[in-house]
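Q: Provided below for reference: sequence and predicted model.
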Amino acid sequence: MVGVAIRVRGRGRRLAGVAVMAGLLFAALPALATTRLCLSGSNTVGEHLAPALVKAWAERQGWRLANESRPAPDTTQLVFAGDAAVQVEVRAQGTSSGFAALRDGQCDIWMASRSARPAEVEAARGIGRLYERGQEHVLALDGLAVIVHPSNTVTALTVAQVRDLFAGRLRDWSQVGGRPGPVTLHARDEASGTYDTFRSLVLGETVLARTTLRYESTDRLAAAVAADPRAIGVVGLAGVGRARAVALSDEGTRPLPPNTLAVATEDYLLSRRLLFYTAAQPRAEVKAFIDFALGPSGQAVVREVGFVPQEVAAFAVPPPTHPEKREIVAGARRVGLNFRFGEGIALLDNKALEDVERLAQFLRRPGQSGQEIVLVGFADRSEMSPFAAIALSNDRVDLVADALRRQGLRVARQRGLGQIAPVASNATPQGRERNRRVEVWIRPVAGTAAAPRAALTSAGG
C-alpha cells in the first residue's frame, strides 16, 4: 500500500511544519511515478464541494483516508492510503484565477461559478474551445441567496431594492418594509465568482457601497450575517448557514425563494451554473474524476453539500395563473429543467443537450412508465412583434420536441405562447435570456395510472 496525497489549497501560505510532514511521508513511500491532478478556481466550488467530491472519488478507488489537515482557513490537505501515488491539488482562489491556471497549463480543471467569457474563450484557444461540450461541464446549479438575520421581518425584496441597499442608497430597514434600524452590508471579495455573478445580475454599473464588509470565505460571511440583526449579505445557496434567505422578484414577476425547483429550472432570478472546464483532450485521470463528479455518485455528493444536482425530478405545482397555459398543462407535473435559448435563435446549449439525455433516462425508469411530455415555449418582449414571438417560441418548442422524439420519448403536446408569463424583467439581457425558454411538463397517458405526486412547490407562472 502506498500513500495518496490529495491537497486542497486556497489562499494563504502553507505551513512549514505541514510541508515537512508531507515531504517525510512521501519520502517513505515506494518509488512510484506520482500522478498529479490540479483543480483551480471558484471558492464556491472549492471550499466544500470539491473536497467532498475528492473524498468520495478516492473512496470509490478503494483508498483509505490516512490524514486530513487544514494548514490555512481555506486549505485542506488529505492523505490517503491506496495502490497508487496520486496528488490532487484544488486551489480555491476565485473563478478568474482558475481560468489563468487552466490556460497556462498549471492546472487540469477550472472550477467556475460563471460561464467562460468570450475573451477567455479566445485567450484559451491553445487548449481548445471552452464552449464545446467536451470541455464545458455543468457540475451543479446554484442560486445566489440574499440572506438576512433570522429575526429580520423582511421576507421578500425586489432586485432593485437589493441593488439600492448594496449601493448605500437605502440605509434603513424601514425603507424596505422592515423594522427601523441601519443596514450593514456583507459581500464576497473581488476574486469571487459569487461576487462577479452578483455584480452581473444585480449591481450592473452600480458601485458597491464603501461601507460593505468583504470576505474571502462564504462561511465567514454567512456567520457574520447570522450574528447581526441589521445585516444583509449574498452567498451561494449552500452557504446560507444559520442566516435566512429572502424571496426575490423583478419587474413584472412574483417573488420566488431559492428553492430546489426554482433553481433547477433557472427561473430563480439569481440562479447560476457551477462548472468544470478542461482542455480539449484531458488526461485519463482528469476525465475519470469528471465522469465521477457528473455521475450518480458525484451528483449525490452535490446534493449532500447543498447545491442542486444535475438530475431530473418532477414536481406538483400550483396551477399556472395564465388561462391558456393552465389549460395546456392540466393534470401535469413540472419537470425541474428548462431549455433556454440565445436571442433570436433556436439552438440547444451543452446543458440542454445533456438534459435531453437525462430526461430520456428519467422517463425510462419503471416508476415513470406511461408518462407523456407536454412542452410550452416562451419568448421575451424584445423579440419582434407579439405574433412573430409566438412563431419563434413555437420554433423552439419544435426543436426540443424533435430532440426528445429522437430519444424515443412521447411528446403529446407542444405549444409556443410567445411573450406571456415572464420569469424575469425584460429590461436586461439576463432577464430576457431567462424568459426565452421551453418548459417541460409530464402527465400520465390517458388510461394509465398516475405517477406519485411530489409536494406542491411554488415556481413558474
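A: Happy to help now that I have it. If you're wondering where the values come from, they're calculated on a predicted model, not measured in any experiment. Residues are numbered from 1 along each chain as shown.
Q: got any ranges where the protein has weak pLDDT?
A: Counting by pLDDT under 70, the chain shows low-confidence ranges at 1-35, 71-75, 85, 342-346, 383-384, 447-461.
Q: Can you pull up the most central residue in it?
A: Centroid check for the chain by Cα atoms, centre = their mean gives L141 as the closest residue, at 2.3 Å.
Q: so it sits in a helix?
A: No: per DSSP: H, G, I helix; E, B strand; the rest coil, L141 lies outside any helix segment and is strand.
Q: check contacts around the spatially closest residue to it that is not a sequence neighbour.
A: In space, and not counting its chain neighbours, L141 is closest to V308: 4.1 Å by Cβ to Cβ, 6 or more residues apart in numbering. Any C-beta I mention is one placed from the backbone N, CA and C, and that applies to glycine too. Contact analysis of V308 by Cβ atoms under 8 Å, 6 or more residues apart in numbering lists 140-143, 237, 260, 263-264, 302.
Q: I'd like these laid out as TSV, including distance to R272.
A: Formatted as TSV, the contacts of V308 follow (distance: Cβ to Cβ, whole Å):
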residue	distance to R272
A140	10
L141	7
D142	5
G143	7
L237	9
T260	15
V263	9
A264	12
V302	14
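Q: before we move on, back to that, so the residue nearest to the centre of the chain bridges to which residues?
A: Judged by DSSP bridges, the bridge partners of L141 are R273, V308.
Q: Leaving out the residues flanking it, which one is nearest to G408?
A: Excluding its sequence neighbours, the residue lying closest to G408 (Cβ to Cβ, 6+ apart) is A360, at 7.1 Å.
Q: Now do the one you found against T265, distance only.
A: In this structure, A360 and T265 are 18 Å apart, going by Cβ to Cβ, to the nearest Å.
Q: L409 belongs to a helix, doesn't it?
A: No: L409 is assigned coil when assessed by three-state DSSP, not a helix.
Q: what about it, neighbour count?
A: Using other Cβ atoms under 10 Å, L409 has 19 other residues around it.
Q: Surely it touches I373?
A: Yes: if you go by Cβ atoms under 8 Å, L409 and I373 touch, sitting 6.0 Å apart.
Q: residues shared between the contacts of those two?
A: By Cβ under 8 Å, 6+ apart, the residues touching both L409 and I373 are 359, 363.
Q: follow-up on the earlier one: which of A360 and T265 has more neighbours?
A: Comparing A360 with T265 by other Cβ under 10 Å, the one with more neighbours is T265, at 25 against 16.
Q: Return the distance of the more buried one relative to R60.
A: T265 sits 30 Å away from R60, going by Cβ to Cβ.
Q: likewise L208?
A: From L208 to R60 the distance is 42 Å (Cβ to Cβ).
Q: And for S217?
A: S217 is 29 Å from R60, by Cβ to Cβ.
Q: Ok, R415 next?
A: Using Cβ to Cβ, R415 is found at 44 Å from R60.
Q: cool, and P323?
A: To R60, P323 is 51 Å away according to Cβ to Cβ.
Q: And R133, by the same measure?
A: R133 sits at a distance of 24 Å from R60 (criterion: Cβ to Cβ).
Q: hmm, who's touching the lengthiest helix in the chain?
A: Secondary structure of the chain read by DSSP state H shows that its longest helix is helix 386-406. Outside helix 386-406, the residues within contact range by Cβ under 8 Å, 6+ apart are 339, 341, 344, 346-348, 356, 359-360, 373, 375-381, 383-384, 411, 414-419, 436, 438, 440.
Q: hmm, try it at 7 Å
A: Identification of contacts with helix 386-406 by Cβ atoms under 7 Å, 6 or more residues apart in numbering yields 339, 341, 346, 348, 356, 359, 373, 375, 377-379, 383, 411, 414-419, 438.
Q: can you give me the helices in the stretch 301-450 of the chain?
A: Assigned by DSSP state H, counting those that start in this stretch, the stretch 301-450 of the chain shows helices spanning 323-328, 350-363, 386-406, 429-435.
Q: I'd like to know which of those helices lies nearest to G298.
A: Checking these against G298 by Cβ to Cβ gives helix 350-363 as the closest, at 14.0 Å.
Q: tell me which strands and helices the closest one is in contact with?
A: Under the contact criterion of 3 or more Cβ pairs under 7 Å, 6 or more residues apart in numbering; DSSP states H and E, helix 350-363 touches strand 333-340, helix 386-406.
Q: thinking again about what came up before, look at S217 and R60 and report which has more neighbours.
A: Between S217 and R60, S217 has the larger neighbour count (other Cβ under 10 Å), namely 20 against 13.
Q: give me the number of residues near the closest residue to R210 other than its chain neighbours?
A: Using Cβ to Cβ, 6+ apart and skipping residues adjacent in sequence, the residue nearest R210 is G168, 7.7 Å away. Look at G168: counted by other Cβ under 10 Å, it has 16 neighbours.
Q: Report the separation between G168 and L363.
A: In this view, G168 and L363 are 50 Å apart by Cβ to Cβ.
Q: and what of T253?
A: From T253 to L363 the distance is 30 Å (Cβ to Cβ).
Q: per-domain residue ranges of the chain.
A: Using automatic domain parsing, the domains assigned to the chain come out as 2-135+278-305, 142-264, 312-444.
Q: Could you check those and tell me which one is nearest S271?
A: Short answer: domain 142-264, nearest of the domains of the chain by Cβ to Cβ, at 4.7 Å.
Q: Between the two ends of that closest one, how far is it?
A: This stretch, domain 142-264, spans 8 Å end to end (Cα to Cα, to the nearest Å).
Q: repeat for stretch 147-167
A: 16 Å.
Q: List the neighbours of that stretch that are in contact with it.
A: Residues from elsewhere that reach stretch 147-167 (Cβ under 7 Å, 6+ apart): 146, 170, 173, 176-179, 183, 185, 187, 202-203, 206-209, 212, 222, 225-226, 228-229, 231-233, 235, 240, 243-250, 255, 269.
Q: Give the buried residues for it.
A: Within stretch 147-167, the residues that count as buried by 16 or more other Cβ atoms under 10 Å are 147-149, 152, 154, 156-159, 161-167.
Q: just these now: which is nearest A116?
A: Lowest distance from A116 to the buried residues of stretch 147-167 (Cβ to Cβ) belongs to V159, with 24.7 Å.
Q: and that closest one, what are its phi and psi?
A: Main-chain torsions, V159, degrees, to the nearest 10: phi -60, psi -40.
Q: From the chain's centroid, how far away is stretch 401-412?
A: Centroid separation for stretch 401-412 versus its chain: 27 Å, with Cα atoms, centre = their mean, to the nearest Å.
Q: List the buried residues of it.
A: Buried positions in stretch 401-412, judged by neighbour count with 16+ other Cβ under 10 Å: 401, 403-404, 409, 411.
Q: What is the nearest of those residues to T197?
A: The shortest approach to T197 among those belongs to A403, at 28.6 Å (Cβ to Cβ).
Q: I'd like to know how far the closest one sits from Q87.
A: 41 Å.
Q: All set now, cheers.
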